[in-house]
Every structure is written in C-alpha cells, then in structure tokens.
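Peer 1: what follows is a predicted protein model with its sequence.
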2 protein chains.
Amino acid sequence: VTDRSSLAIGFLDSGVGGLTVLREVAATLPHEHLIYFGDTARMPYGEKSSAEVLRYSVENAKFLMQKHPLKLLVIACNTAAAHSQHQLPLHCPFPVIGVIEAGVESVVRETTGQQIAVLGTRSTIRSGIYEREILKRLPKANVTSIACPLLAPLVEEHFINHEATKLIIREYLAPLKHQKIDTLLLGCTHYPLLRHLIADELNKDIVIVDSAKSCAEKIEILFKNNDLSRFDSKTIGQQTFYVSDDPQRFSLSAKSYLGFAPNIALA
Amino acid sequence: VTDRSSLAIGFLDSGVGGLTVLREVAATLPHEHLIYFGDTARMPYGEKSSAEVLRYSVENAKFLMQKHPLKLLVIACNTAAAHSQHQLPLHCPFPVIGVIEAGVESVVRETTGQQIAVLGTRSTIRSGIYEREILKRLPKANVTSIACPLLAPLVEEHFINHEATKLIIREYLAPLKHQKIDTLLLGCTHYPLLRHLIADELNKDIVIVDSAKSCAEKIEILFKNNDLSRFDSKTIGQQTFYVSDDPQRFSLSAKSYLGFAPNIALA
C-alpha cells in the first residue's frame, strides 16, 4: 500500500506549454508533489492523427505512473486533451482532468451574456472542440473562434514582451472590435504568458479565462471534496520534470514559465 | 522511349517553401514543364531523424517519377537536402540538385572577403550543414550562423509585409551590426519572400544570396551545357502541383509565392 503522502499529481504535455498549468497548480496547492512529462521528441502534436495522439497520451501516462505513484493526472495540452480526455481515464485508476474541460467549465461559470471568444492554435480551432463543448452546456451561446498560429511559437521563442508580439495579437484580435464579447478563453497553454498583452487589446470589462488557472481551481475543489490533499502540509511539494528529447532546451524555455530553470531528466 | 520535350523538372519539398525555387526556375526557364510535390501530410521535417527524412525524400521522388518522366530533380527543401543530397542521386537516373549545394556555390562565387552570414531555421542551423559546406570550399571563411525560427511561420501565416515581421527580423539580425559581413545567405526556402525586409536591415553593400535563385542559375547552366532544354521553346511549360494533405490550404498559401492560386491535386 502506497503512503498517500507520497502520491503525486502528474502532468502530460507535448512540450513546455503545460508548465503554465503546473505553475498554477503549484501556486494553489504548494504542498503537492508534481511530476511533469513533456513529450518533446514527438512534438508538435498539432498535425498528428487523433489515434496517434491518443496512443502517445496513454504511453506518456504509463511512463509517469511507472516513475511515481499518482493520485491525479492533468492533460496539460490542448491537442492531447482533445483526443484523449474520454479514453485516458480508462487507463488510469485515479481522476483525470483535461485543460479543455476545465476551461469550458470556467467559461460557462463566468459568462454573463453568452458572447464568448476562444483563442487557440489552428489545430485546436479547426477541431471545433471548444465551440462544441461550450454549446453542449450553453446551446444559445455565440462563440467566435480565432486561430492564432503564431502565438505559441512567439512564446516558445521568448518574444513574450516584444513589440512584434503586441502587433500580432492586435491583428488576431481585430475581428473582436466589432463584436460584443463578454468572456474570452485562452485555449492554448502557452497563452497565459501573453495574458497582459491580450488584455491590453480588449475592452476592460471582458473576462479572460485561462484554462491553466481553471485546472488549478478544479483540482483544489476535487481535493477538498475527496480529501485527497497531502497529509504533510508543512513542507513544499517536490517538482520533477521529464522530457523525451533535448532537456537543455526545455530547461531554458521552462525558465520563462516557472521563473527558474528546473532540473530536467531525459525519459 | 520518352519524347524529350515531355520530360519535366521535379521539385520536392515538405510544404510550400520550395515554391520560391519553382518560381525562380519558371522565370529563368519558362518553357520547361515543372512538377512539384509538397509532403504536407508529414511536414514539418525539421524535427525528424535523418533516416526518416531520407526515406520520405526517396518515396516522394518515386511518386514524382511515376506521375511524370523527369529529366532533373530539385530538392527544394533545406531539411530534405541536408539529409538526402548524397543518397537521392543513387535512386534517380537523372541529375539531382539541392538548394544547399546551389546556395553554397553562389556564396563562394559572390563573397569578396569571406565574411559570411547564414540565416536558417533552428534545425538547419543546428545541423551546421551550411557552415560545413562553406568551409569545405573556403577553409578560412568566417561564417556567422543565425537561427531565425519565427521567419518561416511568419511567411506561412502571410505576415510578409507586416511591421511585426520587420521588428522580428531586426532582432534576429542585431548580432550582425557589430560584424563585417560581405555576403548573407538565405538558407531557408521561405526567406526570399522576406528579402526586401532583410535587405532593409543590412548594410547596403552586403550581397544577399538566395538559394532559390542559385538553383535556377545552376539549372540554366546545366541545361545549356548538356543540351537538356525542351525542344519546344514557343509554348510555356506546364506546372503541376501535388500535396499529400490539405490541397486547399496549400493553394491559398501558394498564392503568396506564385502570384496566383494554382490547382493542387491530392497525391
């Protein structure tokens, strides 16, 4: 029997983007052990088939389970969540939370007039998953989806506070100038790092929902309701990072997300 | 026996970038039949292993040969050229020209002081292929390599004359401000579309070498010396395009390169 104090929260991503989710969870539940796997050898997932992404997610989840006993798994990657959020729980003897589901639940809670915008990568937007999931819960909602394919590369290349990034965001958000939006969802794990630039281009009263934050809130509630928190609430939880390729580059990028360059192990 | 007039020049690329090469060849040799294959289903090649890229290139070359009798094959993709320029000729009963080799030969011809800069994707720059190929011919050359990972996505997303693209180019070229460069090589097939913006950031007397143009010049000489031109020099050659995925999106992007949206067939 595993000592419950040693159980960790696992995070799956294709790269570094999911670190925005880990960061929020660490801030909300600082005593929890967190273990992260970035499948950098096979990224980007965006252009891969649904079956392939599902297979990768199952493999990556099994890798994490071998490394550490888990009590929760977070699918911290929009593409992986889109293709595995229904199947992955069948492989895991603990709860699985995906960024899409968490983000959508927050949007549904926050929207005042059901006028919603979603930003995402081309692959996420083309899949229509956010629109579908929102309309399932709010059938009368008006959802405007905007593909922002350059934003994730800009974040990955550390152009986070660059004038060029501001101009590109302005271009992407231009269609919203002529619409009455009350809630905007950041439907890509990289975008929270651009939140301030995105906010600058929007009407002040628009609520920005960040699915990383939504995940953290959802986990907090789940842990409270099910008594899943670590017993030891005096020590800070450990953070462990694995990647399938190029740990050095990951470590460098991770600095933008975490504020420090963590030690990364090659899986 | 195939009528020599019907033989075509084949072009291999992972996506649309190689259209800059096709465009230059069409401008230089307007009577030639051109047949292009963009392996959009398996792009980007940048993160794939050398063996995999070689295998794809051989498969793609065979596909083109089945579609049309060829007299020349152009590897119009830096990644494919890096991994297949030595092997692919073994599979082809006609000459094979790669963008890397063509670009390097132009640089060697153009440089006045052997102070050379190379721009490319991260994968091309990391491979060191341009530096190696230049130093083979000019062992005393000083080669500065700059990875510009955002430039190809900016071109693909049609941010070609955008202020943001200017700012990002300025950032990438900043290290050259403190160096005496006489020749700069555009080591990615997308970059010729940004040539004017790149030129604006450089000292006026720096020669910009564009490997698309270099390929066209090399083919022109090869055809003259070996009497390979089409007999019929009164009609314009046919251009045929194949992709392995999403012909519509390819057609849309192709417009930035060719000035018109061509018909694209799914391979």
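Peer 2: Looks like it arrived, so ask away.

Peer 1: contacts only, for the nearest residue to residue A:166 once chain neighbours are set aside.
Peer 2: Spatial nearest neighbour of residue A:166, chain neighbours left out: residue A:197 (5.5 Å); criterion: Cβ to Cβ, 6 or more residues apart in numbering or on different chains. C-beta here means a position set from N, CA and C on the backbone, and glycine is covered the same way. Counting by Cβ atoms under 8 Å, 6 or more residues apart in numbering or on different chains, residue A:197 makes contact with A:161, A:165-166, A:169.

Peer 1: would you show me how to pick out the buried ones of those in PyMOL?
Peer 2: To isolate the buried members of the contacts of residue A:197 in PyMOL, using 16 or more other Cβ atoms under 10 Å in any protein chain shown:
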select buried, chain A and resi 165+166+169
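
Peer 1: rebuild the contacts of residue A:197 as a markdown table, extending it with pLDDT, distance to residue B:106 and secondary structure.
Peer 2: A markdown table is the format used below for the contacts of residue A:197 (pLDDT from 0 to 100; distance: Cβ to Cβ, whole Å; DSSP: H, G, I helix; E, B strand; the rest coil):
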| residue | pLDDT | distance to residue B:106 | secondary structure |
| --- | --- | --- | --- |
| A:161 | 92 | 38 | coil |
| A:165 | 98 | 34 | helix |
| A:166 | 98 | 37 | helix |
| A:169 | 98 | 38 | helix |
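
Peer 1: ok, of the contacts of residue A:197, which one's closest to residue B:88?
Peer 2: Proximity of the contacts of residue A:197 to residue B:88 (Cβ to Cβ) peaks at residue A:165, which lies at 39.2 Å.

Peer 1: got the residues of chain A near chain B?
Peer 2: A:43, A:47, A:149-150, A:153-154, A:157, A:159, A:162-165, A:167-168, A:171 (Cβ under 8 Å from any Cβ of the partner chain).

Peer 1: taking the residues you listed together, which two end up most distant?
Peer 2: The span of the residues of chain A next to chain B, defined through Cβ to Cβ, is set by A:47 and A:163 at 29.8 Å.

Peer 1: before we move on, the earlier item: of the residues of chain A next to chain B - the most surrounded one?
Peer 2: For those, counting by other Cβ atoms under 10 Å in any protein chain shown, the largest number of neighbours falls to residue A:168: 28 neighbours.

Peer 1: residues contacting that one?
Peer 2: Contacts of residue A:168 by Cβ under 8 Å, 6+ apart are A:150-151, A:154, B:159, B:162, B:164.

Peer 1: strands of chain A, start to end?
Peer 2: A:8-13, A:33-38, A:70-75, A:96-98, A:115-120, A:142-147, A:183-186, A:207-210, A:239-243, A:265-266 (DSSP state E).

Peer 1: would TSV of those with distance to residue A:131 be doable?
Peer 2: Listed next are the strands of chain A as TSV, based on distance: least, Cβ to Cβ, whole Å:
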stretch	distance to residue A:131
strand A:8-13	23
strand A:33-38	28
strand A:70-75	19
strand A:96-98	16
strand A:115-120	7
strand A:142-147	5
strand A:183-186	10
strand A:207-210	15
strand A:239-243	32
strand A:265-266	38
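
Peer 1: include distance to residue B:35, mean neighbour count and mean pLDDT when you put those into a markdown table, please.
Peer 2: Below are those laid out as a markdown table (distance: least, Cβ to Cβ, whole Å; neighbours: other Cβ atoms under 10 Å in any protein chain shown; pLDDT from 0 to 100):
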| stretch | distance to residue B:35 | mean neighbour count | mean pLDDT |
| --- | --- | --- | --- |
| strand A:8-13 | 40 | 27 | 97 |
| strand A:33-38 | 40 | 24 | 96 |
| strand A:70-75 | 43 | 25 | 97 |
| strand A:96-98 | 44 | 25 | 97 |
| strand A:115-120 | 36 | 25 | 97 |
| strand A:142-147 | 31 | 18 | 97 |
| strand A:183-186 | 43 | 26 | 98 |
| strand A:207-210 | 48 | 20 | 96 |
| strand A:239-243 | 40 | 21 | 96 |
| strand A:265-266 | 43 | 12 | 92 |
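
Peer 1: number of nearby residues for the residue nearest to residue A:87 when sequence neighbours are not counted?
Peer 2: Spatial nearest neighbour of residue A:87, excluding adjacent residues (Cβ to Cβ, 6+ apart): residue A:54 at 5.6 Å. As a burial measure, residue A:54 scores 19 neighbours (other Cβ under 10 Å).

Peer 1: ok, now which ones touch residue A:54?
Peer 2: Residue A:54 sits next to A:83-84, A:87-88 when contact means Cβ under 8 Å, 6+ apart.

Peer 1: let me know the closest of those to chain B.
Peer 2: residue A:83 (17.4 Å; Cβ to the nearest Cβ).

Peer 1: need the per-residue pLDDT for the closest residue to that closest one other than its chain neighbours.
Peer 2: Excluding the flanking residues, the one nearest residue A:83 by Cβ to Cβ, 6+ apart is residue A:53, at 4.1 Å. At residue A:53, the predicted lDDT confidence score is 91.

Peer 1: one more: residue A:178?
Peer 2: So, for residue A:178, pLDDT stands at 87.

Peer 1: what about it, how many residues nearby?
Peer 2: 6.

Peer 1: equivalent analysis for residue A:25, please.
Peer 2: 27.

Peer 1: returning to that earlier point: can you tell me how far the residue nearest to residue A:87 sits from residue A:124?
Peer 2: 16 Å (Cβ to Cβ, to the nearest Å).

Peer 1: before we move on, what about residue A:230?
Peer 2: 33 Å.

Peer 1: between those two, which is the more surrounded one?
Peer 2: residue A:124 (23 against 20).

Peer 1: grab the nearest non-local neighbour of the more buried one.
Peer 2: Spatially, and ignoring its direct neighbours in sequence, residue A:124 is nearest to residue A:78 (4.8 Å; Cβ to Cβ, 6+ apart).

Peer 1: contacting residues for that neighbour?
Peer 2: Going by Cβ under 8 Å, 6+ apart, residue A:78 touches A:99-100, A:120-121, A:124, A:187-189, A:211.

Peer 1: just the closest of those to chain B, please.
Peer 2: So of those, ranked by how close each gets to chain B (Cβ to the nearest Cβ), first place is residue A:121, at 11.5 Å.

Peer 1: wait, doesn't that closest one sit right on residue A:152?
Peer 2: Yes: with contact defined as Cβ atoms under 8 Å, residue A:121 counts as touching residue A:152 (5.9 Å).

Peer 1: overlap in contacts, these two.
Peer 2: Common contact partners of residue A:121 and residue A:152 (Cβ under 8 Å, 6+ apart): residue A:188.

Peer 1: the longest helix along chain A vs strand A:70-75, what angle?
Peer 2: Secondary structure of chain A per DSSP state H: the longest helix is helix A:50-67. Put simply, helix A:50-67 runs at 150 degrees to strand A:70-75, going by axes from the mean of the first three to the mean of the last three Cα atoms, to 10 degrees.

Peer 1: surely residue A:213 touches residue A:24?
Peer 2: Yes: with contacts counted by Cβ under 8 Å, residue A:213 reaches residue A:24, the gap being 5.2 Å.
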